[in-house]
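Enquirer: Show me the folded form of this:
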Amino acid sequence: MVTINSTHQKTRLLGALGAADSSTRLKAALAIGTHADPGAVEALVARCAIEQDFFVRDMLTWALTRLPSEITVPRLREELRSEGAQARSQALHTLSKIGDPGAWPAITRSLLHDADDEVARSAWRAAVLLAPVAEREGLAADLAAQLGRGDRNVRLSLSRALVALGDVIEPALRKGLASDDAAVRAHARATERLLHDQDAGFDEAADEAKRIVALGPGRVEGAAC
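Expert: Model (predicted):
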């Protein structure tokens, strides 16, 4: 880790993070990350909250992972309380990339159930990576309570997060399979299949689950005839 060579250079690079041209912003984030100057953390986090280009956001996250976690993690935890959805989502994403277990307490139930799908998806991924073993069963219940949520991409993200927790999710899936909501039952069944056959495609598993739910209990064998 080195500091950026001069105040002028640092000012120029930090200013370039707000340039109109995305390639200029990308190069600035790369340069800042290469130097890994802790003094850049505030500018990087602030830019993450508003950056519209995916590749630039990815570079900003990389630049933050290059800095000492004792500097970045507290600042990112603070960002989780932002009113801006992108700020929360990017902070969660960056915390998952840093992988510091000390960030786990900041992954609250409100973030796991955030009304914004991108925030929730980022929270699910971060939580699965950071949760201590003793917390994984409770996390599985929290995630499974959202079975049936959102569109195909949201449901796929939730299934992947649940499957990543392993067999601890089985009691939560059983509850989902017993739901009165057909969408919840189908999502739970698709996730159950992925748990036991992770080579299965999500769309295939989801379509099969919908057929089973539509046929009802005791009529699965007839579906193959």
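
Enquirer: contacts and neighbour counts: CA atoms only from here.
Expert: Fine.

Enquirer: which residues of this structure fall in helices?
Expert: Assigned by DSSP state H, the chain shows helices spanning 7-16, 22-35, 41-48, 54-65, 69-79, 85-98, 109-112, 117-130, 136-144, 152-165, 170-177, 182-196, 202-215.

Enquirer: Now the second one: buried residues?
Expert: Of the residues in helix 22-35, 22, 24, 25, 26, 27, 28, 29, 30, 31, 32, 33, 35 count as buried by neighbour count, 16 or more other CA atoms under 10 Å.

Enquirer: try the longest one
Expert: Across helix 182-196, burial judged by 16+ other CA under 10 Å covers 182-195.

Enquirer: about what we covered before: in CSV, list the helices of the chain along with mean pLDDT.
Expert: Formatted as CSV, the helices of the chain follow (pLDDT from 0 to 100):
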stretch, mean pLDDT
helix 7-16, 85
helix 22-35, 95
helix 41-48, 97
helix 54-65, 98
helix 69-79, 97
helix 85-98, 98
helix 109-112, 97
helix 117-130, 98
helix 136-144, 97
helix 152-165, 96
helix 170-177, 96
helix 182-196, 93
helix 202-215, 66
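
Enquirer: quick revisit: right, and out of the buried residues of helix 182-196, which lies closest to residue 129?
Expert: Closest approach to residue 129 among the buried residues of helix 182-196 (CA to CA): residue 195, at 17.1 Å.

Enquirer: can you pull the contacts of the nearest residue to that closest one once chain neighbours are set aside?
Expert: Leaving aside its sequence neighbours, residue 195 sits nearest to residue 163 (CA to CA, 6 or more residues apart in numbering; 5.3 Å). For residue 163, the contact set (CA atoms under 8 Å, 6 or more residues apart in numbering) comprises 169, 191, 194, 195.

Enquirer: you'd agree the third one is up against residue 173?
Expert: No: Residue 194 sits out of contact with residue 173 when judged by CA atoms under 8 Å, with a separation of 11.8 Å.

Enquirer: From residue 175, how far off is the residue lying closest to residue 157 once chain neighbours are set aside?
Expert: Leaving aside its chain neighbours, residue 157 sits nearest to residue 121 (6.4 Å; criterion: CA to CA, 6+ apart). Note on residue 121: its distance to residue 175, by CA to CA, to the nearest Å, is 21 Å.

Enquirer: So between the two, which is more surrounded?
Expert: residue 121 (25 against 15; other CA atoms under 10 Å).

Enquirer: That one: what's it in contact with?
Expert: Counting by CA under 8 Å, 6+ apart, the residues that residue 121 touches are 112, 154, 157, 158.

Enquirer: The contacts of residue 163: which two are farthest apart?
Expert: The distance between the two most remote of the contacts of residue 163 (CA to CA) is 11.8 Å, for 169 and 194.

Enquirer: Only C-alpha atoms, please: export stretch 129-136 in CSV.
Expert: Extracted C-alpha coordinates of stretch 129-136, given in CSV (Å, rounded to 0.1, in the frame of the first residue of the first chain):
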residue,chain,number,x,y,z
LEU,A,129,-20.8,-15.4,3.1
LEU,A,130,-20.5,-13.7,6.5
ALA,A,131,-22.9,-15.6,8.8
PRO,A,132,-21.3,-17.6,11.6
VAL,A,133,-22.2,-21.2,11.7
ALA,A,134,-24.5,-20.7,14.8
GLU,A,135,-26.5,-18.1,12.8
ARG,A,136,-27.1,-20.0,9.6
